[in-house]
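Asker: kindly generate the corresponding structure for this input.
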Amino acid sequence: MPSDRRMFLGAGLGVTAALASRTSGLTASAQAVSSDGPPPPANVRLEPEVRAAAAHDFGRLIHKQPRGVLRPASSADIAGLMPWARGADVKIAARGQGHSIYGRSLVEDGIVVDTSAMNAIRDIKHDHVVVDAGAVWRDLLDATLAQGLTPPVLTNYLSLSVGGTIAVGGIGATSSRHGMQTDNVIALDVVTGDGNELSCSATADPDLFDSVRAGLGQCGIVTRATLRLVRAPERIRRFQLFYRDLPSLTADQRRVLTEGRFDQLQGAILPDGSGGWRYQLDGAISYDSGSAPDDKAVLSGLSDERGAVIADLTYREDALAFGKFENLLRAKGQWFNPQPWLLTFLRGSNAERVAGDILAGLKGDAVGPFGRITLYPLLTSAFHTPLVRLPKEDMVFVFNLIRIPASNDAAAAERMVADNRRLYDRIREAGGVQYPVSAFAMSPDDWKVHFGSSWPQLREAKRRHDPGHLLAPGYNIP
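Answerer: This is a model prediction of the structure:
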């Protein structure tokens with residue numbers, strides 16, 4: 001097996017970015033700084049090169065030229081921006097690492113608030129950590145591992161900002177046991193759209209707390225978070241199992257999930273290099289030295305094709321495994337190509353049928369040579385964040401098209417975006433929902449349907465905390 005293919009198969013699954021979008025097509029913009037109205041505060045950067053760097057995101061699908069960029073050193077810098085922005089009717093987009101896929105950390109002729117310099121890890125205790133929102137999960141993990149601790153849920157890609165994933169939910173391989181990253185937030189410091197610096201938690205201003213976690217940045221910009229910690233295992237034993245077809249894969253996934261065989265469970269449908277698909281279950285068991293899992297017992301009774309790949313890693317090595325895949329894509333020049341991803345949840349009761357019907361209509365090049373379709377089940381009992389939307393069943397399936405085109409072909413990327421919309425409509429009709437970081441446009445009515453019974457909560461919080469509708473315009477939420 002070529003080394004690139006081995007790395008591809010071994011990369012972490014269920015890759016999740018941090019934000020989503022507003023614009024209804026692929027756009028480019030290079031407007032000059034607007035001269036209308038009062039000038040922005042002195043700490044807003046107006047240099048062309050600074051503005052240009054904030055005009056695109058990881059998805060490379062939407063381009064919006066901001067009027068300026070604020071790189072705050074504290075929450076007071078953000079709060080000081082809000083009165084001017086409201087008076088000038090200028091929109092504001094928060095940006096951590098810029099890993100949104102479809103322009104949702106961008107703003108046309110507005111101000112980008114780049115929080116990447118607000119990255120201090122301030123206080124680590126035995127059960128929690130206080131961290132600035134601009135810190136990336138990789139740095140936070142290194143700091144907590146030095147004390148034998150870890151956040152309960154880590155995204156597969158750890159170069160995302162803490163504030164960025166809190167804005168959408170933050171899903172990971174341990175989510176069946178611990179929910180979203182937002183379910184493990186103890187408290188938040190927030191600058192609201194009306195310029196207030198507020199602290200919130202489940203007991204202190206719980207309405208704001210529940211409107212900011214997975215609230216898509218609509219009510220405030222998170223500046224600091226207090227997060228739950230648990231003891232970190234020493235090692236991870238990872239099992240990659242291969243299947244002949246989709247029913248065999250999902251049957252074993254359901255079985256091992258309900259039996260609790262793995263501490264982490266994911267899976268993928270991968271291009272096989274000849275126009276077809278290869279089906280993979282990816283499970284992992286956490287353990288400490290001297291208590292290694294019994295491989296034979298772990299695999300007992302499963303219907304995978306023989307030839308399982310078993311890897312034994314330190315906990316940190318396993319958490320950072322996706323970095324190797326990133327390096328591969330960078331080396332091949334594909335990391336900066338358009339990334340028209342689609343991320344959804346299917347109802348557990350019809351996941352095989354919906355996924356199978358969609359697969360039957362896809363060609364092997366639908367995701368690119370290094371792309372993948374992630375497919376795996378979750379138990380929803382651990383999910384409690386009000387604005388995280390899941391099908392209302394005990395088990396749901398993550399179903400993501402991680403499209404990584406082989407070239408920087410704008411026309412091909414636009415076709416994939418259009419296909420994402422078509423597939424989303426199909427999934428929604430079947431009772432599924434999107435994880436709101438996908439590459440396609442959402443209308444105001446789409447968002448009302450998406451949030452469902454939680455829509456009045458978000459709408460009222462937006463009215464109260466962002467009365468000027470300044471924040472996160474990329475989502476097109478009314």
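Asker: what's the neighbour count on Q218?
Answerer: 23 (other Cβ atoms under 10 Å). (Glycine included, C-beta is placed from N, CA and C.)
Asker: just checking, next helix/strand downstream of the lengthiest helix in the chain?
Answerer: Counting by DSSP state H, the longest helix found in the chain is helix 410-429. Later in the chain than helix 410-429, the nearest helix or strand by DSSP states H and E is strand 433-434.
Asker: do me a favour and average the pLDDT over that following strand.
Answerer: The pLDDT scores in strand 433-434 average 98.
Asker: what packs against the helix or strand just after that strand?
Answerer: Per DSSP H and E, strand 433-434 leads on to helix 444-451 as the next helix or strand towards the C-terminus. Applying 3 or more Cβ pairs under 8 Å, 6 or more residues apart in numbering; DSSP states H and E, one finds that helix 444-451 contacts helix 455-465.
Asker: repeat the analysis, applying 7 Å as the threshold.
Answerer: Packing partners of helix 444-451 (3 or more Cβ pairs under 7 Å, 6 or more residues apart in numbering; DSSP states H and E): none among the helices and strands.
Asker: the spatially closest residue to I427 that is not a sequence neighbour: what's it in contact with?
Answerer: Nearest residue to I427 in three dimensions, chain neighbours excluded: T344, at 5.2 Å (Cβ to Cβ, 6 or more residues apart in numbering). When contacts are counted by Cβ atoms under 7 Å, 6 or more residues apart in numbering, T344 touches 399-400, 424, 427, 432-435.
Asker: just send these back as TSV, with neighbour count too.
Answerer: Converted to TSV, those look like this (neighbours: other Cβ atoms under 10 Å):
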residue	neighbour count
F399	24
N400	26
Y424	20
I427	22
G432	23
V433	22
Q434	22
Y435	25
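Asker: wait, which of the residues you listed is closest to N350?
Answerer: G432 (8.6 Å; Cβ to Cβ).
Asker: which residue ranges of the stretch 51-200 of the chain form helices?
Answerer: Secondary structure of the stretch 51-200 of the chain, counting by DSSP state H, counting those that start in this stretch: helices at 75-88, 137-145, 162-166, 175-178.
Asker: the second one: how far from the chain's middle?
Answerer: It refers to helix 137-145. 18 Å (Cα atoms, centre = their mean, to the nearest Å).
Asker: close enough to count as contact, S105 and D57?
Answerer: Yes. If you go by Cβ atoms under 7 Å, S105 and D57 touch, sitting 5.3 Å apart.
Asker: okay, and the common contacts of the two?
Answerer: Common neighbours of S105 and D57 (Cβ under 7 Å, 6+ apart) are G98.
Asker: look at those two and report which has more neighbours.
Answerer: Per other Cβ under 10 Å, whichever of S105 and D57 has more neighbours is S105, with 34 against 28.
Asker: got the phi and psi for that one?
Answerer: With angles defined as degrees, to the nearest 10, S105 sits at phi -100, psi 20.
Asker: wait, what's in contact with it?
Answerer: 19, 57, 93-95, 98, 474.
Asker: distance of the closest residue to it other than its chain neighbours from I166?
Answerer: Spatial nearest neighbour of S105, excluding adjacent residues (Cβ to Cβ, 6+ apart): R95 at 4.3 Å. R95 sits 14 Å away from I166, going by Cβ to Cβ, to the nearest Å.
Asker: quick revisit: show only the entries of the contacts of S105 found in strands.
Answerer: Using DSSP state E, the subset of the contacts of S105 located in strands is 93-95.
Asker: got those as CSV, with pLDDT columns?
Answerer: Formatted as CSV, the ones in strands among the contacts of S105 follow (pLDDT from 0 to 100):
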residue, pLDDT
A93, 98
A94, 98
R95, 97
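Asker: now those as CSV including neighbour count and distance to A441?
Answerer: Compiled in CSV, these are given as follows (neighbours: other Cβ atoms under 10 Å; distance: Cβ to Cβ, whole Å):
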residue, neighbour count, distance to A441
A93, 30, 16
A94, 28, 20
R95, 30, 20
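Asker: now render those as JSON lines, adding distance to A366.
Answerer: Putting the ones in strands among the contacts of S105 into JSON lines (distance: Cβ to Cβ, whole Å) gives the following:
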{"residue": "A93", "distance to A366": "31"}
{"residue": "A94", "distance to A366": "32"}
{"residue": "R95", "distance to A366": "30"}
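Asker: now, which of those sits nearest D183?
Answerer: A94 (21.3 Å).
Asker: tell me what the closest one is bridged to.
Answerer: V113 (DSSP bridges).
Asker: measure it to V113 for me?
Answerer: Using Cβ to Cβ, A94 is found at 5 Å from V113.
Asker: what does S289 give?
Answerer: For S289, the distance to V113 - Cβ to Cβ - is 44 Å.
Asker: could you do L249 as well?
Answerer: 43 Å.
Asker: then V107?
Answerer: 10 Å.
Asker: overlap in contacts of these two?
Answerer: Residues touching both V107 and V113 by Cβ under 7 Å, 6+ apart: I92.
Asker: can you pull the contacts of G170?
Answerer: 153, 155, 180-182.
Asker: I'd like to know how far the nearest residue to it once chain neighbours are set aside sits from A214.
Answerer: Excluding the flanking residues, the one nearest G170 by Cβ to Cβ, 6+ apart is Q181, at 2.9 Å. Going from Q181 to A214 by Cβ to Cβ gives 9 Å.
Asker: of the two, give the one with the bigger neighbour count.
Answerer: Neighbour count, other Cβ under 10 Å: between Q181 and A214, Q181 has more, with 30 against 26.
Asker: isn't the more buried one right up against G164?
Answerer: No. Q181 lies out of contact with G164 (Cβ under 7 Å); the separation is 10.3 Å.
Asker: which residues touch the closest residue to D263 other than its chain neighbours?
Answerer: Spatial nearest neighbour of D263, chain neighbours left out: S286 (4.6 Å); criterion: Cβ to Cβ, 6+ apart. Counting by Cβ under 7 Å, 6+ apart, S286 touches 233, 236, 263.
Asker: okay, the second one: pLDDT?
Answerer: In this case it means I236. Note on I236: pLDDT of 98.
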